[in-house]
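K.L.:
The sequence and its predicted three-dimensional model are supplied below.
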Amino acid sequence: MPANSVRRLLPFAALAAATALVLSACAAPGSEGEGGGELVWSIEGANLSAGHMDPQVSQLDVSGMVQRAVLDSLVFQEADGTFSPWLAKSWEVSPDSTEYTFVLRDDVTFTDGEKFDAAAVKANFDRIVDPETASAQAAGMLGADFYKGTEVVDDYTVTVSFTQPYAPFLQAASTPQLGFYSPAVLAKSADKLKAGGPDITVGTGPFELTEYTPDQEIVYTRNDDYAWGPHDTEAPKFETLRVEIQPEASVRTGVVTSGEADLASNIPPNLAKDLGDGVTVDSIEYPGLPYSLYLNEKYGVFADEKVRQAFARGIDIDAAVEEIYFGQFPRAWSILGSTTPGYDASLEGSWPFDQDAADALLDEAGWTDRDTDGIRMKDGKRLSVRWIAWTPVPDDRAALANAIQSDLKSIGFEVQREELEPGAYNEQYEPKTFDLTDWGFSGVDPDLLRSHLHTDGFQNASQVSDPQIDALLEQAVASSDQDKRNELYTQLQQWNATYTAIVPLYSPSAITAVGDRVEGLEYDLYGRPLFYDVTVG
């Protein structure tokens, strides 16, 4: 492979014909060779220290990304979307998809010496759905109100039951969010898992968390006893995984270019193109909900559908995304990304930039007057909305926000943006005292829309409350017929394209820069590095 090559890896739909990506490179002089050495991984990780070290509780992707080194899952999801044994040797699903029975391996131990068994599965799943745990994403993935319970059939057989059919469970069971902590930790230190650390973050994984300095680094040491990875992989071929927390993208690119780090995650497109010789750049488009704007219809002017529609049509999304992301990230047309099962490609091009149409919609909505700043007025009030953003805000998203504000100002629509620290953000997010906010949300199963659009969805920032939409989401999660599910999710995507609760902007990719000392690196379907077969040259 040429030095500093850039590859856009296959989207989910095409991965059925591909194996997991493996990068090969030449070993550097003076390497320790197979069986030893240290791999240095530079990540953004800015909010890990704010109580996000526990994937069973945190909603941040980075939590699951780093703790995959410690937390194993019942099953492994392959590149083609199918599932293979992991901690579970086999499983059966009841005909109505309400019961999943797993036969577990009997040779797995946690790094504190505790046995992994059916009781450990039950302890972890019951902890996730316990209201005192305050889990949102993991509890939702475990079915939330649908979760009936976990029954210990015998020492190594466990049945997970739901009150109604729950089709997405196997996919959820393959993620670190539903990974397993030592029962001893859950009994004695569950309240410390959000902060994490040695002797706290204890799993069955290929590494043990041995050092943690918040906002600086996490050190994982090889679990020499590991012999139960996906495809029966054994202990890693290198000894230490050192995760350096470096929020600045320029720092991450600098350390991988200089050789101080072996790989760096979350590289922005503008920096990925000029990393020099000896660095390979891989780009994997996230499945899930694209980076989007969520319009709060219960708070201010977005209660009017015409205002929401004008907002979406008044932004030149194509131009902004192309300029800021150098063609690396495709403009999004739907609330499902193009690599997500059930994506409706018919929406592409269906709501293009059209400021004349936006102007007409705002006129119809009664915003016909203008103040001295050119901002539209109605009943003595300015057409102004507040956009709250969670910090830190990357430079690329700040530039995109500026472009959006500029486009909308030209049609008399004012957007005031507030970049808030997590605590201040939550003070407005919880009571929904804002007009719009933003994020992307990765996920392979389109059931993720339920958390964003259902009346009771924990991420329903738009405050949608529509019995028909609730019914579509409930039918989709309960169906085991994939064609029927796809049809229901198509209806939801087409509804949003008109209703405009969410304005999708672009589909991000996981961009990873890899130095030439690394061999055997693979990625999961979210583009997160996997280290099971890695050697460090």
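P.N.:
Here it is on my side, so go on.
K.L.:
Which positions in stretch 226-246 come out as buried?
P.N.:
Across stretch 226-246, burial judged by 16 or more other Cβ atoms under 10 Å covers 226, 228-230, 233, 235-246. Using the backbone N, CA and C atoms, a C-beta is placed for each residue, glycine as well.
K.L.:
whoops, I mixed them up, stretch 417-435
P.N.:
For stretch 417-435, using 16+ other Cβ under 10 Å, the buried residues are R417, L420, Y425, Y429, F434, D435.
K.L.:
For those, work out which two are farthest apart.
P.N.:
R417 and Y429 (15.0 Å; Cβ to Cβ).
K.L.:
circling back to that earlier point, among the buried residues of stretch 226-246, name the ones in strands.
P.N.:
In this view, the buried residues of stretch 226-246 that belong to strands under DSSP state E are T240, L241, R242, V243, E244, I245.
K.L.:
so where's this structure uncertain?
P.N.:
Residues of the chain that meet the criterion pLDDT under 70 lie in 1-35.
K.L.:
the strands in the stretch 201-350 of the chain, which residues?
P.N.:
For the stretch 201-350 of the chain, applying DSSP state E, counting those that start in this stretch gives strands covering 207-213, 217-222, 240-245, 263-264, 279-285, 288-295.
K.L.:
my bad, the stretch 51-200 of the chain
P.N.:
For the stretch 51-200 of the chain, the strands defined by DSSP E, counting those that start in this stretch cover 75-77, 83-85, 88-93, 99-104, 147-154, 157-162.
K.L.:
got the end-to-end distance for stretch 43-61?
P.N.:
Criterion Cα to Cα, to the nearest Å; first-to-last residue distance in stretch 43-61 is 12 Å.
K.L.:
still on that earlier bit, how about a markdown table for the strands of the stretch 201-350 of the chain, with distance to V301 added?
P.N.:
Shown next, in a markdown table, are these (distance: least, Cβ to Cβ, whole Å):
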| stretch | distance to V301 |
| --- | --- |
| strand 207-213 | 45 |
| strand 217-222 | 44 |
| strand 240-245 | 39 |
| strand 263-264 | 41 |
| strand 279-285 | 33 |
| strand 288-295 | 9 |
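K.L.:
most neighbours per residue, which of those?
P.N.:
Compared across the strands of the stretch 201-350 of the chain, strand 263-264 shows the largest average neighbour count, a mean of 30 (mean count of other Cβ atoms under 10 Å).
K.L.:
in its sheet, what does that one sit against?
P.N.:
Using DSSP bridges, strand 263-264 pairs in its sheet with strand 38-43 (parallel), strand 509-515 (antiparallel).
K.L.:
isn't there a strand covering F441?
P.N.:
Yes: checked against DSSP: H, G, I helix; E, B strand; the rest coil, F441 lies within a strand.
K.L.:
Nearest residue to it in space, ignoring adjacent ones along the chain?
P.N.:
L289 (4.3 Å; Cβ to Cβ, 6 or more residues apart in numbering).
K.L.:
go on, S174?
P.N.:
Per Cβ to Cβ, 6+ apart, closest to S174 is Q77, 4.2 Å.
K.L.:
Repeat that for V57.
P.N.:
Spatial nearest neighbour of V57, chain neighbours left out: S135 (5.0 Å); criterion: Cβ to Cβ, 6+ apart.
K.L.:
What about the one you found, how many residues nearby?
P.N.:
If you count neighbours by other Cβ atoms under 10 Å, S135 ends up with 24.
K.L.:
What are the phi and psi values at it?
P.N.:
Dihedral angles of S135 (phi, psi; degrees, to the nearest 10) stand at phi -80, psi 140.
K.L.:
Y156 touches A119, doesn't it?
P.N.:
No: if you go by Cβ atoms under 8 Å, Y156 and A119 don't touch, sitting 10.0 Å apart.
K.L.:
Looking at these two, which is more packed in?
P.N.:
Y156 (20 against 14).
K.L.:
Quick one: end-to-end length of stretch 262-278, please.
P.N.:
Counting by Cα to Cα, you get 11 Å between the two ends of stretch 262-278.
K.L.:
Could you do stretch 143-156 as well?
P.N.:
23 Å.
K.L.:
ok, now stretch 372-385?
P.N.:
First-to-last residue span, stretch 372-385, Cα to Cα: 18 Å.
K.L.:
Can you tell me how far the residue lying closest to P85 once chain neighbours are set aside is from V415?
P.N.:
Nearest non-adjacent residue to P85, counting by Cβ to Cβ, 6+ apart: V75, 6.8 Å away. For V75, the distance to V415 equals 44 Å [Cβ to Cβ, to the nearest Å].
K.L.:
more neighbours, those two?
P.N.:
V75 (25 against 22).
K.L.:
what packs against the host helix or strand of Y425?
P.N.:
Element membership of Y425, judged by DSSP states H and E, is helix 422-429. When contacts are defined as 3 or more Cβ pairs under 8 Å, 6 or more residues apart in numbering; DSSP states H and E, helix 422-429 packs onto strand 384-390.
K.L.:
in the strand it packs on, what counts as buried?
P.N.:
V385, R386, W387, I388, A389, W390.
K.L.:
Would you pull up how far that strand lies from the middle of the chain?
P.N.:
Taking Cα atoms, centre = their mean, to the nearest Å, one finds the center of strand 384-390 at 22 Å from the center of the full chain.
K.L.:
Please identify the buried residues of the helix or strand that that strand is followed by?
P.N.:
Note on strand 384-390: by DSSP H and E, the next helix or strand toward the C-terminus is helix 395-409. For helix 395-409, the buried set under the neighbour-count rule, 16+ other Cβ under 10 Å, comprises D396, R397, L400, A401, A403, I404, Q405, D407, L408.
K.L.:
follow-up on the earlier one: so how far is Y526 from the residue nearest to S174?
P.N.:
Here Q77 is placed at a distance of 10 Å from Y526 (Cβ to Cβ).
K.L.:
now swap in G149 and tell me
P.N.:
Distance, G149 to Y526, by Cβ to Cβ: 29 Å.
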